[in-house]
Every structure is written in C-alpha cells, then in structure tokens.
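K.L.:
Quick check, what structure comes out for this input:
(chains A and B)
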Amino acid sequence: AQSVTQLDSHVSVSEGTPVLLRCNYSSSYSPSLFWYVQHPNKGLQLLLKYTSAATLVKGINGFEAEFKKSETSFHLTKPSAHMSDAAEYFCVVSGSAGNKLTFGGGTRVLVKP
Amino acid sequence: GAVVSQHPSWVICKSGTSVKIECRSLDFQATTMFWYRQFPKQSLMLMATSNEGSKATYEQGVEKDKFLINHASLTLSTLTVTSAHPEDSSFYICSAWGTSGINEQFFGPGTRLTVL
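P.N.:
Numbers count the residues shown, from 1 in each chain, chains lettered A, B, ... in the order given. All right, here's what the predicted structure looks like:
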C-alpha cells in the first residue's frame, strides 16, 4: 500500500520570495514520485519526477524537489515565486506496478504581489 | 511530450440522460488508460483502470454499471456516465500510460460535467 500526505492545504507567499511545498509519502518499495501543477479548470502538468536516479530533481519553471528516503519526504521548492505560480500542486506516488498513481490532497498556492 | 486529448471539454446534461467522454492518446499508443474524478477543491480520485481489449478494473466504491468504460483501441478510451444525476457533476480527467516503458502517465485536460 502507498499513501501521500501534503502537509499544507494552502500556502501563501509574496512574489519574489521562496516557495516550499511539503510532501511525505509511505510506500512498501522504492517509489517513483511526481509533482504536478493544476491551474484553475485545467488538466495536470508534470513539474518533475523522481525515479531512483539523482535525489535532487530539477523540473520546469524553476522548481526542484529533493527525495529524502530517511525522512520519506519529497518537498518541492522554488527560489522565487512568480504570479503565474498561483495554482494547485499535487504530490503523487506511483504503485508497485509502476502505473497506478496515488495523489496527495493538494496544496493551493497563493502568490501576493 | 506525449499528448492526451479529451472531448468534450465541458458538457451540461439533464438528469437521467447519459453522457460519453472520450480520451485519446494523440501521438502514442496507450495500453492502459486511467479515469479520475475530481470534486471542486479536492484531489483526484482514481475511478478505474482500463486496458485495451479487456474489461476495466474499478476502484472500490465506484459503480461499474453507472460509469461504463470502454478501451477499444490503443488510442481511445471512453467513459459513459449513465443515468446521470446532479451528484455526478464533477471534473473527469483521463490519463494514458504508454507502451514505451517510460514511468509516467500523460494527462488529458479534463471534462467538466454538470448535471441539471
């Protein structure tokens, strides 16, 4: 069994300041982990993925995440928030078969000017 | 990257009618497609997994007779909401798992269903 917990349902940051979205996972095996972003009434866009290679993963739009096995965490960061980063973010873990995904509850990011 | 489309992007229907949503992988073959449901301000919940040429596997609590899934080809899966009711109103999202072995699902843009 696997599960994902996003520790913050809402995060509010000022434009130009760092963003941190926290994610903890539970898995019986070596997981693949993903971060997706969803803008209002839109589908999901993959930001980055971890698949047992480098633990620090760089994604699109300046986002990166670090896989820490000892802490079972996969936190997402960005050094400087932009107004366009306002969206819903989902941390996702894949199943043992590699294709069944389990979604976290989501974190809504608000960027203040 | 791989592209998945959904049609329609939004639909409004009367209670008691059926609605079909299509999910297509445009530039790759998808052996497996997934259907998710997302209520407002909530996360995605997996409804069912469909493999080309076989019956769909439904998650616990999902009525298979209400949500009919057909995966007739390697590029097309359909979800039919039968006898729709207002509580079926939701955002339905499909995803496709390619045959290339890449450990990633590609998501469609979603279909907003409103049942009056």
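K.L.:
The residue in chain A that chain B sits nearest to and residue A:17, how far apart?
P.N.:
Nearest to chain B in chain A, going by CB to the nearest CB, is residue A:43, at a distance of 3.8 Å. Glycine gets a C-beta too; all of them are placed from N, C-alpha and C. In this view, residue A:43 and residue A:17 are 28 Å apart by CB to CB, to the nearest Å.
K.L.:
of these two, who's got more company?
P.N.:
Ranked by neighbour count (other CB atoms under 10 Å in any protein chain shown), residue A:43 and residue A:17 place residue A:43 first, with 21 against 12.
K.L.:
Give the closest residue to the more buried one in space, chain neighbours not counted.
P.N.:
Nearest residue to residue A:43 in three dimensions, chain neighbours excluded: residue B:109, at 3.8 Å (CB to CB, 6 or more residues apart in numbering or on different chains).
K.L.:
ok, the one you found - contacts?
P.N.:
For residue B:109, the contact set (CB atoms under 8 Å, 6 or more residues apart in numbering or on different chains) comprises A:42, A:43, B:5, B:6, B:9, B:93.
K.L.:
Look up phi and psi at the residue minimising distance to the centre of chain A.
P.N.:
For chain A, the residue sitting closest to the mean C-alpha position, by CA atoms, centre = their mean, is residue A:35 at 3.5 Å. Reported as degrees, to the nearest 10, the phi and psi values for residue A:35 are phi -120, psi 130.
K.L.:
can you tell me the helix or strand for the nearest residue to it once chain neighbours are set aside?
P.N.:
Closest residue to residue A:35 apart from its sequence neighbours, by CB to CB, 6+ apart: residue A:47 at 4.4 Å. Residue A:47 belongs to strand A:44-50 when assigned by DSSP states H and E.
K.L.:
Pull up the residues of chain B that are close to chain A.
P.N.:
Listed as neighbours of chain A in chain B under the rule CB under 8 Å from any CB of the partner chain: B:6, B:32, B:34, B:41-46, B:49, B:91, B:93, B:95, B:97, B:103-105, B:107-110, B:112.
K.L.:
could you measure residue A:49 against residue A:74, distance?
P.N.:
Counting by CB to CB, the gap from residue A:49 to residue A:74 is 10 Å.
K.L.:
So which helix or strand of chain B has the lowest pLDDT on average?
P.N.:
strand B:105-107 (a mean of 87; mean pLDDT, DSSP states H and E).
K.L.:
where in the chain is pLDDT low?
P.N.:
Unless you meant another one, I'm taking chain A. Within chain A, the stretches with pLDDT under 70 are A:96-98.
K.L.:
oops, I was thinking of chain B
P.N.:
Residues of chain B meeting the criterion pLDDT under 70: B:1, B:98-103.
K.L.:
If anything else comes up later, I'll come back, but that's it for now.
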